[in-house]
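# What follows is a predicted protein model with its sequence.
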Amino acid sequence: MKNYLKVERAKQNITQAELAEKVNVSRQTINSIEIGKFVPSTVLALKIAFVFQTTANEIFFLEETDWH
């Protein structure tokens, strides 16, 4: 799964640490999500979307390989 998390953070001028605090995870978790090493839970994806006042679908999206 890919994401636009870094782009959304840049648009809102929010650091990884600030986002992590808002959604109650570590900065390392946010970093891992951004670089594709960690796929967030549904709850975490929804919390992140809420912070950015958008939907999870606008931030996270499936790749072709996710369907196999």
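Good, I have the coordinates.
# Retrieve the pLDDT associated with residue 68.
Predicted confidence (pLDDT) for residue 68: 88.
# Can you give me the neighbour number for it?
For residue 68, the count of nearby residues is 5 (other C-beta atoms under 10 Å). For the C-beta atoms, the positions are set from N, CA and C on the backbone; glycine is no exception.
# can you check residue 65 too?
Around residue 65 there are 7 residues (other C-beta under 10 Å).
# just residue 10 next, same as before
Neighbours of residue 10 (other C-beta under 10 Å): 10.
# Likewise for the one 3 residues further on?
Applying the criterion other C-beta under 10 Å, we find 7 residues in the vicinity of residue 13.
# And the helices in the chain?
With helices called from DSSP state H, the chain shows them at 5-12, 16-23, 27-34, 42-51, 56-59.
# who's in contact with the third one?
In other words, helix 27-34. Helix 27-34 is contacted from outside by 3, 5, 6, 16, 17, 19, 20, 38, 39, 40, using C-beta atoms under 8 Å, 6 or more residues apart in numbering.
# Check which residues of that helix are buried.
Within helix 27-34, the residues that qualify as buried are 29, 30, 31, 33, 34, counting by 16 or more other C-beta atoms under 10 Å.
# got the angle between it and helix 5-12?
On the basis of axes from the mean of the first three to the mean of the last three C-alpha atoms, to 10 degrees, helix 27-34 is oriented at 110 degrees to helix 5-12.
# Done for today, thanks.
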